[in-house]
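J.: what shape does this take:
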Amino acid sequence: MLVILGAALTLVTVRPGLIFARGATTIAVMPMTDAGNDPLVAQMAAEVSGRLTDGLAKIENIRVRAPETGAAKADFVVKGELQKSEQAWTIRTRMTEAATGEVKWTASYSVDLTDTDLPMQQSRLAAGVGHALALRVNELLNADASSAAKSKVVIEQATAHIKQTSPERFQAAQAMLEKALAEDPDNVEIQVALAALLMRGVQMVWLSGPEREAAEIKAEAMLQQTLRAKPNYIPAHEAYCRFLNATNQFRASLVACAKALSFDPWNGIALYHVGLAQIQTGRFEDALATFMQAERFDTPQVSRWTWKIGAGWANMLMGRAEDAVPWLLKSIAITSASGRTHMLLAAAYQQLGKTEEARAAMEKGMELRPGSTYHNVPTPKKNSSPVYIEATERIMQLMLAAGLPAS
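T.: This is a model prediction of the structure:
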């Protein structure tokens with residue numbers, strides 16, 4: 001018994017980063033400061049600090065300490081500085097380990113002043129910092145130094161490659177990750193990244209028939225293996241949430257997405273998939289509210305086109321073409337995606353009586369997704385609500401009128 005106890009104490013002493021072994025990790029969020037002693041900036045800093053603290057307090061496996069309790073009692077200390085220029089707010093933050101003073105994370109995040117109101121600026125500043133911080137803390141608590149170093153570069157390269165989404169970029173990113181996994185088959189970070197990418201291919205209809213089935217089987221096996229090994233790992237829960245949605249397991253997807261959000265409340269990808277599940281179960285107003293929440297956070301920015309198309313889709317399902325058009329145009333401005341966004345835009349224009357614009361949008365959609373017809377454009381109906389199926393049929397009739405081939 002003494003040997004076992006000694007070994008345990010040695011583990012904690014030798015690897016102080018494993019502080020979660022003692023219980024929940026504690027974080028002290030110190031009040032944000034402002035560089036110029038401007039009362040407006042000071043008030044903004046206080047609002048952002050409050051939002052950041054409230055968000056971190058929702059995370060399942062950490063505890064947040066108030067500044068007055070003393071940073072010395074926390075495992076990690078977060079400090080930040082807010083600055084205001086003519087064009088943007090910029091927040092710079094860092095997290096240090098209280099016991100050693102070692103810097104564990106730094107980040108800088110900016111929000112434009114021109115296209116959002118003050119509450120949204122506050123929300124996006126807190127979310128931009130909070131999302132990155134939640135991922136970093138989760139990474140520390142699930143660290144595998146030997147695999148992390150190998151996987152970081154290839155995952156970043158693959159992610160960067162699909163910022164402008166297209167089938168060709170998808171295939172290039174898949175090849176990168178497949179090669180990396182072949183070289184390091186037990187690397188969970190690469191497993192999760194590849195599973196997430198495969199499900200994107202399924203959702204974007206870039207994989208079909210036998211390829212789609214093989215991708216689903218492979219992704220599920222990799223994700224279940226990772227979740228058994230790392231049950232609190234954000235990327236695994238996020239990818240599993242996407243997998244369940246893509247395979248029409250909507251109620252299970254809501255549970256998996258909620259689990260991802262319990263470790264990162266600002267996770268826009270998880271929120272997007274919550275919205276998709278709500279759409280498929282006929283809860284259109286709830287879905288729109290979820291997409292709007294993702295829009296308020298705007299994290300991660302690489303995925304911002306998704307919740308914009310989600311908001312446009314939800315509005316179209318409720319017959320609100322005029323409200324849908326701006327969201328769809330914003331999504332297209334970021335990425336053309338698979339052509340479905342243009343087809344949805346065509347349906348919206350058709351409903352508004354703008355037949356020329358509808359034809360042009362449908363032509364662009366067909367160019368991006370050749371071979372599309374009335375039968376293969378809608379998402380699979382398995383487990384979908386009758387309310388959703390009925391609303392989708394109305395949209396499909398508008399697409400037919402805008403020029404979508406019947407067969």
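J.: for Met32, give me its contacts.
T.: 45-46, 48-49, 80-82, 91 (C-beta atoms under 8 Å, 6 or more residues apart in numbering). Backbone N, C-alpha and C define where each C-beta goes, glycine included.
J.: make TSV from these and add distance to Val325 and secondary structure to it.
T.: Putting these into TSV (distance: C-beta to C-beta, whole Å; DSSP: H, G, I helix; E, B strand; the rest coil) gives the following:
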residue	distance to Val325	secondary structure
Ala45	37	helix
Ala46	38	helix
Val48	33	helix
Ser49	38	helix
Gly80	38	strand
Glu81	40	strand
Leu82	36	strand
Ile91	33	strand
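J.: buried subset of the residues you listed?
T.: Among those, those classed as buried by 16 or more other C-beta atoms under 10 Å are 45, 48-49, 80-82, 91.
J.: ok, the residues you listed vs Gly282, which is closest?
T.: Proximity of the buried ones among the contacts of Met32 to Gly282 (C-beta to C-beta) peaks at Val48, which lies at 36.9 Å.
J.: Arg169: which of the buried ones among the contacts of Met32 is nearest?
T.: So of the buried ones among the contacts of Met32, ranked by how close each gets to Arg169 (C-beta to C-beta), first place is Ile91, at 31.2 Å.
J.: next SSE downstream of the helix-or-strand element of the chain with minimal mean pLDDT?
T.: When the helices and strands of the chain are compared on mean pLDDT, DSSP states H and E, helix 2-14 comes out lowest with a mean of 40. Next along the chain after helix 2-14, taking DSSP states H and E as the criterion, comes strand 25-29.
J.: pull up the pairing partners for the helix or strand that that next one is followed by, direction included.
T.: Using DSSP H and E, the next helix or strand after strand 25-29 towards the C-terminus is strand 33-34. If you go by DSSP bridges, strand 33-34 pairs up with strand 76-84 (parallel).
J.: now do the partner strand, average pLDDT.
T.: Strand 76-84 comes out with an average pLDDT of 93.
J.: who touches Asn248 in this structure?
T.: 280, 380, 382-384.
J.: restricted to helices, list those.
T.: Mapping the contacts of Asn248 onto helices (DSSP state H) picks out Gln280.
J.: selection in PyMOL covering whichever of the contacts of Asn248 are buried, please.
T.: Listed next is the PyMOL selection for buried residues among these, using 16+ other C-beta under 10 Å:
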select buried, resi 280+384
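J.: between the contacts of Asn248, which is nearest Leu288?
T.: Minimum distance to Leu288 across those is 14.0 Å, recorded for Gln280 (C-beta to C-beta).
J.: quick one, helices of the stretch 101-250 of the chain?
T.: Applying DSSP state H, counting those that start in this stretch to the stretch 101-250 of the chain gives helices spanning 118-141, 145-161, 167-183, 188-203, 210-229, 234-246, 250-263.
J.: which stretch of helix or strand covers the closest residue in space to Ala258 that isn't next to it in sequence?
T.: Nearest residue to Ala258, sequence neighbours excluded (C-beta to C-beta, 6 or more residues apart in numbering): Val274, at 7.5 Å. For Val274, the element it lies in under DSSP H and E is helix 268-280.
J.: which strands and helices sit next to that helix?
T.: Secondary-structure packing of helix 268-280 (3 or more C-beta pairs under 8 Å, 6 or more residues apart in numbering; DSSP states H and E): helix 234-246, helix 250-263, helix 284-297, helix 304-317.
J.: give me whichever of those helices is most buried.
T.: Among the helices and strands packed on helix 268-280, ranked by average contacts under mean count of other C-beta atoms under 10 Å, first place goes to helix 234-246 (a mean of 27).
J.: report the distance from that helix to the chain centre.
T.: Relative to the centre of its chain, helix 234-246 is centred 10 Å away, using C-alpha atoms, centre = their mean, to the nearest Å.
J.: kindly report the same for stretch 321-328.
T.: Put simply, stretch 321-328 sits 22 Å off its chain's centre (C-alpha atoms, centre = their mean).
J.: average pLDDT across stretch 311-323?
T.: Mean pLDDT, stretch 311-323: 98.
J.: show me the contact partners of that stretch.
T.: Contacts for stretch 311-323 (C-beta under 8 Å, 6+ apart): 275, 279, 284-285, 287-288, 291-292, 295, 324-328, 331, 341, 344-345, 347-349, 351-352, 388, 391-392, 394-395.
J.: helices of the stretch 301-407 of the chain, start to end?
T.: 304-317, 321-334, 340-351, 355-368, 386-401.
J.: what helices and strands are in contact with the fourth one?
T.: Okay, so that is helix 355-368. Contacts defined by 3+ C-beta pairs under 8 Å, 6+ apart place helix 355-368 against helix 340-351, helix 386-401.
J.: with the last one instead?
T.: Counting contacts by 3+ C-beta pairs under 8 Å, 6+ apart, the secondary-structure elements packed against helix 386-401 are helix 304-317, helix 340-351, helix 355-368.
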